[in-house]
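Novice: Need a 3D model of the following:
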Amino acid sequence: MPRPDLPMRSRVLPWLWATGAVLLVAGSGLATWQWRRSAALAPATAAGTRPAESTPHLLAGHDYYLHVKLIELTERRPDGKAWDSVDGSGPDIKFSLTWRHNVIWNSPEKPDTLIGSWDFLKVDLRQMIVTGGPTDLEGMVNAPLVHCEKGETVELKVWDNDTVGSDDAGSLVLKLDDLRPGENTLTPPLDKQHAIKRVVLALIDRRTPVPELVNMISNR
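Specialist: Down below sits the predicted model:
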């Protein structure tokens, strides 16, 4: 004689299997995201020092956003003179990035300061997600893309942007082989050739998930 509970069990079991599969996929996705987040938030590296073998390297064949987060200049120009001899104000910091003999980025100006900083995104992505607004990430990213291959370099040029005659603050050659995913701090040795005291930049894989980009906004 058929058992009366079979129809109910036949409906419940498929639902349980489906729920388990969804939880398994979600858990795997969360674990992958956490692993990639840890790699992206690796500690900083000093200028001219190659990362230790245990630290992650940029992946050849991947595209990375090269985000210059912060530039600090010395108190005076490379020639020892004041940045602005008229009113004694600080430099109006601007920079450019040149890759494969092409200028791929010109920054907005940061006026009257020895430390200029630039956000990774031009708008509040967290607010846009909350309000359901458009999320065209490529249009909001405040950094250029570079393709990582062995031996690739990018030139960072910095200057004091004056209306009449800008003052050169110096330039650095960034070797992608010496950089790591996430934040890198460069402290080049000071000399009479440049007035760059510190540069903080981040290499962010273009494939980085949106939740991780939101986290970067919260941890400037």
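Novice: Only C-alpha atoms from now on, for both contacts and neighbour counts.
Specialist: OK.
Novice: All the strands of this structure, in order from the start?
Specialist: For the chain, the strands defined by DSSP state E cover 63-73, 93-99, 102-106, 115-117, 145-147, 153-160, 167-175, 182-186, 196-205.
Novice: same for the last one, what does it pack against?
Specialist: In this structure, strand 196-205 packs against strand 63-73, strand 167-175, strand 182-186, with contacts taken as 3 or more CA pairs under 8 Å, 6 or more residues apart in numbering; DSSP states H and E.
Novice: tally of neighbours for residue 113?
Specialist: 16 (other CA atoms under 10 Å).
Novice: Would you mind listing where this structure has pLDDT under the threshold?
Specialist: Along the chain, the parts satisfying pLDDT under 70 run over 1-54, 123-129, 131-137, 216-220.
Novice: would you list the strands of the chain in JSON lines and tack on distance to residue 80 and mean neighbour count?
Specialist: What follows is the strands of the chain, written out as JSON lines (distance: least, CA to CA, whole Å; neighbours: other CA atoms under 10 Å):
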{"stretch": "strand 63-73", "distance to residue 80": "13", "mean neighbour count": "21"}
{"stretch": "strand 93-99", "distance to residue 80": "17", "mean neighbour count": "20"}
{"stretch": "strand 102-106", "distance to residue 80": "26", "mean neighbour count": "14"}
{"stretch": "strand 115-117", "distance to residue 80": "18", "mean neighbour count": "18"}
{"stretch": "strand 145-147", "distance to residue 80": "35", "mean neighbour count": "19"}
{"stretch": "strand 153-160", "distance to residue 80": "14", "mean neighbour count": "21"}
{"stretch": "strand 167-175", "distance to residue 80": "11", "mean neighbour count": "18"}
{"stretch": "strand 182-186", "distance to residue 80": "22", "mean neighbour count": "21"}
{"stretch": "strand 196-205", "distance to residue 80": "13", "mean neighbour count": "22"}
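Novice: got those strands as TSV, with distance to residue 81 columns?
Specialist: Formatted as TSV, the strands of the chain follow (distance: least, CA to CA, whole Å):
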stretch	distance to residue 81
strand 63-73	13
strand 93-99	16
strand 102-106	26
strand 115-117	18
strand 145-147	36
strand 153-160	13
strand 167-175	11
strand 182-186	24
strand 196-205	15
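Novice: Nearest to residue 212, out of those strands?
Specialist: Counting by CA to CA, residue 212 lies closest to strand 196-205 out of these; the figure is 10.2 Å.
Novice: circling back to that earlier point, right, so of the helices and strands packed on strand 196-205, which gets closest to residue 57?
Specialist: Across the helices and strands packed on strand 196-205, closest to residue 57 is strand 182-186 (CA to CA), at 10.0 Å.
Novice: same for the closest one, what does it pack against?
Specialist: Under the contact definition 3+ CA pairs under 8 Å, 6+ apart, strand 182-186 sits against helix 6-40, strand 196-205.
Novice: mind running it again at 7 Å?
Specialist: In this structure, strand 182-186 makes packing contacts with strand 196-205, judged by 3 or more CA pairs under 7 Å, 6 or more residues apart in numbering; DSSP states H and E.
Novice: What angle do strand 63-73 and the strand it packs on make with each other?
Specialist: An angle of 160 degrees separates the directions of strand 196-205 and strand 63-73 when computed by axes from the mean of the first three to the mean of the last three CA atoms, to 10 degrees.
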